[in-house]
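Q: task: produce atomic coordinates for the following.
(chains A and B)
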Amino acid sequence: MTTATQLPEEVLALSARRSYIELNARARATQLLDPGTFRELLGPFDRIESPWLPMQGIVPQSDDGCVVAKGTIDGKPALAIALEGKFQGGSIGEVCGMKMAAALALARQDCECGISTGAVLSLESGGVRLQEANIGELVIAEIYAELIALRQHVPVIVVVAGMTGCFGGMSLAAGLASYVVMTRQARLSMNGPEVIEQEAGIEELDARDRPLIWNICGGAQRYATGLADMLVEDDAAEIAQAVRTLFKKGRPAILRSDPQELYVERLKQLDPAQPWTAEQIRESWKERAR
Amino acid sequence: MSRGRIWFKALSGSNGAQPDGPASLLVADAELGAEKVSYLAVAPDDQARFPRARGGEVGVEEGWYGARALRRIIEADCDRTKRPILTIVDAKSQAYGLREELIGIHLAAAGLIAAYAEARMAGHPVIALIVGRAVSASFLVLCGQANRVLALDDPQVLVHAMYKDAAARITRRTVEELDALGETIVPMAYDIRSFDKLGGLYRLLHVAAPDAPPSESIEHVKSALVDAIADARRGPRDLSSRLDSQGAQQYRKASLAVRAKMAEQWTAL
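A: Now for the predicted structure:
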């Protein structure tokens, strides 16, 4: 009688893998920086919390769901920002949004002084925080302004790993990024499926149809249609390696948000009166996907 | 006619129709003060190709064609005085549709935002005049990157993250509860005067009959736009006027604290 169990190689590989999705925001930011270089800015002990949530009977969090850290990536100065999808759905309120905008501005100021400082943002967000509505809108506009200014100097990389997904205001931040890294589990979409069903009706989209939703905005589809640059496994080491690889590439020749002529041509060729499938878009766009 | 179209026509003297572009995107050059300016707007078009973008929503066509229009302006002015870019804002929201998501409406919106920001950074005064709705991404896309934002002081003028009924549903509140919250929590209020308190506006304009503006109202708005253009040219090419405003001193104390403390810790490391 034999007792030794022979596990298939892929099972062994899986068991050796450390999930990135299961990491909280602080562990994610730590993971993206070189080992031992994580220095948090405006950490929980600084206790700058949302002034608006307690006024509405909601318990705030001492980092407001956003971890900002300075460190290095491949030995070079870098800024890492990670949103915590488990706090208020990763929503953008005044404090967490301003942490992002202020840190991006400081990285840009360092770039202008000759200290090249790239940025990586691990985004899990349902969009603007409705309890801080209009300040959220203002601060998201400030994040975009700083992101656009910084990407002229250095790569700004967005990682969308899941499982919250990257929606609303932060999906536009991903659109503005120099590079986007996704896992198959991740979703990147302006309007969440529930919102589309609510606004446009179940005949437009059935928010319970999970295969359809991942087909529209999941990492594999976004990568296949050129809306993401890298598709990676849910592996903390692999994701950190992907970020290092993209930093090494430097700034892209053409930013993803810039080829308006290409998209105008694509729009002309599509017929919105017909139903579309994810496969059709993938097939017709694949030759231009980066 | 939508309020956006009324004001676009009143200010630019044009209906903004483009030979090669969607009818929902209005673009026109006009004289204002002593110089040439470009006007832009997104307006309803019941014949729009994309069915989910017929009610004045910012959709994929508005995003990409809008970015193309702005980049043409930036390119045309690269070696001369940067003309002011004036956006007349009355746009319901972003478009909510399956087709839009499939082809990346988030990127179309980002494309237009990037074009506005690049125009601002290149030295174009980027001015938004809110005459109607600027809700959710329609605010972010059309007003977000402007050096100066002006709005009509009128109950139909609305800046918000989400319409009241949807926001009530998602935050599990009643519309009455939301209204009550807006009275004490300024960023949640739905009236434009509350938005003004946050430092989001350069000026709030009192105008008679905003749906059929008489010529003195139009002249009043034009002179405010001229002031905004001059003020934008005097200031830095960023969004600092919002956070440096008196309103922000009172209602965005946390933003200011974050900015100061972040700078302090960043340099200490």
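Q: doesn't B:E264 make contact with A:A102?
A: No: using Cβ atoms under 8 Å, A:A102 makes no contact with B:E264, being 10.7 Å away. The way it works is simple: take the backbone N, C-alpha and C, and place the C-beta from them, glycine included.
Q: among these two, which residue is more densely surrounded?
A: Neighbours were counted for A:A102 and for B:E264 using other Cβ atoms under 10 Å in any protein chain shown; A:A102 has more, 26 against 11.
Q: tell me which element that one falls in.
A: Using DSSP states H and E, A:A102 maps to helix A:94-112.
Q: that helix close to chain B?
A: Yes: Helix A:94-112 comes into contact with chain B (Cβ under 8 Å from any Cβ of the partner chain), by way of A:E94, A:V95, A:M98, A:K99, A:A102, A:A103, A:L106.
Q: what mean pLDDT does stretch B:30-50 get?
A: The average pLDDT for stretch B:30-50 rounds to 97.
Q: and the closest residue to chain B within the stretch 101-250 of chain A, how many residues sit next to it?
A: Of all residues in the stretch 101-250 of chain A, A:G175 sits closest to chain B, at 2.8 Å by Cβ to the nearest Cβ. For A:G175, the neighbour count with other Cβ under 10 Å is 27.
Q: ok, now how distant is it from A:V139?
A: Distance from A:G175 to A:V139, counting by Cβ to Cβ, to the nearest Å: 18 Å.
Q: ok, B:R72 next?
A: From B:R72 across to A:V139, the span is 31 Å (Cβ to Cβ).
Q: the more surrounded of these two?
A: A:V139 (30 against 14).
Q: same question for the helix or strand just after the helix holding A:A102, mean pLDDT?
A: Proceeding N to C from helix A:94-112, the next assigned helix or strand is strand A:118-122, under DSSP H and E. Here strand A:118-122 scores 98 as its mean pLDDT.
Q: so what strands line up beside strand A:118-122?
A: According to DSSP bridges, strand A:118-122 forms sheet pairs with strand A:76-83 (parallel), strand A:156-160 (parallel).
Q: which residues does B:H160 bridge with?
A: Taking DSSP bridges as the rule, B:H160 bridges to B:V135.
Q: check B:L25 too.
A: Going by DSSP bridges, B:L25 is paired in beta bridges with B:V42.
Q: that one against B:Q18, yeah?
A: Yes: between B:L25 and B:Q18 a contact is recorded at 6.5 Å, counting by Cβ under 8 Å.
Q: measure stretch B:140-151 end to end?
A: 15 Å (Cα to Cα, to the nearest Å).
Q: where do the strands sit along the stretch 151-290 of chain A?
A: Secondary structure of the stretch 151-290 of chain A (DSSP state E, counting those that start in this stretch): strands located at A:156-160, A:179-183, A:230-232.
Q: just so I know, which of those lies nearest B:P84?
A: strand A:156-160 (28.8 Å; Cβ to Cβ).
Q: render the CA-only coordinates of that closest one in PDB, please.
A: Below are the C-alpha coordinates for strand A:156-160, written out as PDB (Å, rounded to 0.1, in the frame of the first residue of the first chain):
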ATOM      1  CA  VAL A 156       1.900  55.900 -14.000                       C
ATOM      2  CA  ILE A 157       0.700  52.300 -13.600                       C
ATOM      3  CA  VAL A 158      -2.700  51.100 -12.500                       C
ATOM      4  CA  VAL A 159      -3.200  47.600 -11.200                       C
ATOM      5  CA  VAL A 160      -6.700  46.300 -11.100                       C
END
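Q: now do that strand against strand A:179-183, angle only.
A: Relative orientation of strand A:156-160 and strand A:179-183, computed by axes from the mean of the first three to the mean of the last three Cα atoms, to 10 degrees: 20 degrees.
Q: for strand A:156-160, the averaged confidence score.
A: The predicted model assigns strand A:156-160 a mean pLDDT of 98.
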